[in-house]
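K.L.:
fold the following.
(one chain, ligands or ions: 2)
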Amino acid sequence: MSPRKPLTPVETARAALLADVAPTPIERITLADAPGRVLAEDLAARRTQPPFDVSAMDGWAIRAADAAHPGAVLTAIGEAAAGRRAAVPVAAGEAVRIFTGAPMPVGADTVVVQEATRSEGDRVILGDAVTPGRNVRRAGADFRDGEIGLTAGTRLDFTNLGLIAAMNHAEIAVHRRPRVAILATGDELVAPGTEPGPDQIVASNGVGIAALVAAIGGVPVELGIVADRLDATVAVVTAALAGDVDVLVTIGGASVGDHDHVHAALGEAGVDIGFWKIAMRPGKPLMLGRRGRQRVIGLPGNPAASLVGAVVFLAPLVRALSGDRRPVVPFERAIAASDLAANDERQDYLRGTLGRDADGRTTVRPVDLQDSSLLSRFAAADALILRPPHAPVAPAGSPVEVLRLR
Ligand SMILES: Nc1nc2c(c(=O)[nH]1)N[C@H]1C(S)=C(S)[C@@H](COP(=O)(O)OP(=O)(O)OC[C@H]3O[C@@H](n4cnc5c(N)ncnc54)[C@H](O)[C@@H]3O)O[C@H]1N2
Ligand code: MOO
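P.N.:
Numbering: from 1, shown residues only. Ligands and ions are numbered 1, 2, ... in the order given. Here you go, the predicted model:
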């Protein structure tokens, strides 16, 4: 046997995967369809907000100079409400009844909250002296006409869609959702809900991968299960790549056994495999390839290897194809709640559960069993704990890097 080729470091493989991703073509959508999508253009305000000075409170619009002394008495001359400005300007000694969101009347510069006043007929009696400009929101305080409010590459959600609406865009340009075909391979697999034969199991990885793809804004395209035969695998892969998919994900058959045909099948289907065998655990036999603008990710069959491979490679790829300029979600700091063993040359992604210590710091504890076949332990985890290659023992209490799964 030939000596073993060194495994490719995760970061090397991922950098190559993401280096020249061209985002999918642009389409225009309404704001109702926008959550989870990524803006494909810089978006400028089509108006100034607020468009005029507005009152921040219910009260009286006055000239501050009239309230330089406590107990000043003014004459009420009209009303201004949100959507309806006062008909008359405010002159010295006058006040306009005003409500939150109403345009400031001409002549007035300050709003006195109603709780600080008393009125008798058309007389308004003020309390303490007021600060000029108080309770007035200036025109343009939020944004001005022509200003860029959001830049291309921004992922759209509840925090920024209101801004787009307020800037008066009803439609926006986004990148089309990346289409991700998902193909399971293996004679042992049957679809969920069917009765497995004596030596079979239920295919489960594709379900989780489809859910991940959908959650990050892609469109999963289920291709079902192909048998462990080279000709059948070549046929399905070729047909899949002839379709309108941006990414093909295969599951299983990635290793070196006599029934692992994916590497050969991808080659026969014209896929150029740039990487096979990554220095990671789980997920070592993972493949990264391309055919023209289409990308192929060959995930290993063990469930945790499939899902971790999808988190580490597929999710950033789908985000990058969507136009997201920060496709790799950074790990965050947590405190190990138990001792972590020293690591070998494969970057480890331990399944773990998050918690909090007495000081309010985020803690993480590996689940009891880390075998890559265990779906129950993956479902129990809410984070991956990163153990870099050759990391020394990390005693309980040491800082570690984690990635939240939910
Ligand atoms: N001699 C070696 N053997 C193995 C190596 C190695 O380096 N040398 N690597 C091991 C590692 S690491 C992994 S991971 C597995 C991956 O193997 P494959 O990608 O070829 O996966 P399969 O053999 O097809 O399946 C492995 C396991 O996963 C189950 N499976 C497959 N697909 C699904 C699915 N869609 N849903 C649920 N479960 C699935 C399958 O039944 C097997 O039990 O190789 C090691 N071997
Ligand atoms: O990727 Mo394999 O599941 O590490 O054992």
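K.L.:
which strand residues bridge residue 288?
P.N.:
Beta-bridge pairing of residue 288 under DSSP bridges involves residue 275, residue 297.
K.L.:
in the stretch 301-406 of the chain, which spans are strands?
P.N.:
Using DSSP state E, counting those that start in this stretch, the strands of the stretch 301-406 of the chain run over 332-336, 347-356, 362-366, 383-387, 399-404.
K.L.:
around ligand 2, which positions in the chain sit nearby?
P.N.:
Within the chain, the positions lying close to ligand 2 (Cβ under 6 Å from any ligand atom) are 281, 282, 283, 284, 300, 302, 305, 372. For every residue, glycine as well, the C-beta is placed using N, CA and C.
K.L.:
among these, which ones lie close to ligand 1?
P.N.:
282, 284, 300, 302, 305, 372.
K.L.:
thinking again about what came up before, now, of the strands of the stretch 301-406 of the chain, which is deepest in the fold?
P.N.:
The highest mean neighbour count among those, using mean count of other Cβ atoms under 10 Å, belongs to strand 383-387: a mean of 23.
K.L.:
give the rounded mean pLDDT of it.
P.N.:
Throughout strand 383-387, pLDDT has a mean value of 98.
K.L.:
how does this protein divide up, domain by domain?
P.N.:
10-24+176-321, 27-49+142-173, 54-137, 332-404 (automatic domain parsing).
K.L.:
and those domains as TSV, adding distance to residue 4?
P.N.:
Rendered in TSV, the data for these read as follows (distance: least, Cβ to Cβ, whole Å):
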stretch	distance to residue 4
domain 10-24+176-321	9
domain 27-49+142-173	40
domain 54-137	68
domain 332-404	11
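K.L.:
please identify the most buried of those.
P.N.:
Mean neighbour count (mean count of other Cβ under 10 Å) peaks for domain 10-24+176-321 among these, with a mean of 20.
K.L.:
what segments of the chain are helices?
P.N.:
Secondary structure of the chain, counting by DSSP state H: helices at 10-19, 161-166, 205-215, 230-242, 262-268, 303-309, 315-321, 375-380.
K.L.:
include mean pLDDT when you put those into JSON lines, please.
P.N.:
Below are these laid out as JSON lines (pLDDT from 0 to 100):
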{"stretch": "helix 10-19", "mean pLDDT": "98"}
{"stretch": "helix 161-166", "mean pLDDT": "98"}
{"stretch": "helix 205-215", "mean pLDDT": "98"}
{"stretch": "helix 230-242", "mean pLDDT": "98"}
{"stretch": "helix 262-268", "mean pLDDT": "98"}
{"stretch": "helix 303-309", "mean pLDDT": "98"}
{"stretch": "helix 315-321", "mean pLDDT": "98"}
{"stretch": "helix 375-380", "mean pLDDT": "98"}
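K.L.:
so which of those helices is nearest residue 53?
P.N.:
Ranking the helices of the chain by their distance to residue 53 (criterion: Cβ to Cβ) puts helix 161-166 first, at 17.2 Å.
K.L.:
from ligand 2, how far out is residue 140?
P.N.:
In this view, residue 140 and ligand 2 are 56 Å apart by Cβ to the nearest ligand atom, to the nearest Å.
K.L.:
right, and that residue touches residue 50 too?
P.N.:
Yes: applying Cβ atoms under 8 Å, one finds residue 140 in contact with residue 50, separated by 7.5 Å.
K.L.:
tell me the contacts of the closest residue to residue 138 other than its chain neighbours?
P.N.:
Using Cβ to Cβ, 6 or more residues apart in numbering and skipping residues adjacent in sequence, the residue nearest residue 138 is residue 53, 5.6 Å away. Residue 53 sits next to 103, 104, 136, 137, 138, 139 when contact means Cβ atoms under 8 Å, 6 or more residues apart in numbering.
K.L.:
make it 10 Å
P.N.:
Residue 53 makes contact with 61, 103-105, 108-109, 111, 133, 136-141 under the criterion Cβ atoms under 10 Å, 6 or more residues apart in numbering.
K.L.:
and the residue of the stretch 301-406 of the chain found nearest ligand 1, how close does it get to residue 391?
P.N.:
For the stretch 301-406 of the chain, the nearest residue to ligand 1 under the criterion Cβ to the nearest ligand atom is residue 301, separated by 2.5 Å. Between residue 301 and residue 391 the distance, using Cβ to Cβ, to the nearest Å, works out to 27 Å.
K.L.:
next one: phi and psi at residue 300?
P.N.:
Backbone torsions of residue 300, given as degrees, to the nearest 10, read phi -70, psi 160.
K.L.:
I'd say it and residue 257 touch.
P.N.:
No: taking contact to mean Cβ atoms under 10 Å, the distance of 11.5 Å between residue 300 and residue 257 leaves them out of contact.
K.L.:
which neighbours do those two have in common?
P.N.:
Overlap between the contact sets of residue 300 and residue 257, as judged by Cβ under 10 Å, 6+ apart, is given by residue 285.
K.L.:
which stretches of the stretch 51-200 of the chain have low pLDDT?
P.N.:
Per-residue confidence of the stretch 51-200 of the chain (counting by pLDDT under 70) places no residue in a weak region.
K.L.:
report the closest residue of it relative to ligand 1.
P.N.:
Of all residues in the stretch 51-200 of the chain, the one sitting closest to ligand 1 is residue 184 (3.9 Å; Cβ to the nearest ligand atom).
K.L.:
ok, that residue - contacts?
P.N.:
Contact partners of residue 184, counting by Cβ under 10 Å, 6+ apart, are 191, 203-207, 209, 222-226, 249-253, 299, 301, 306.
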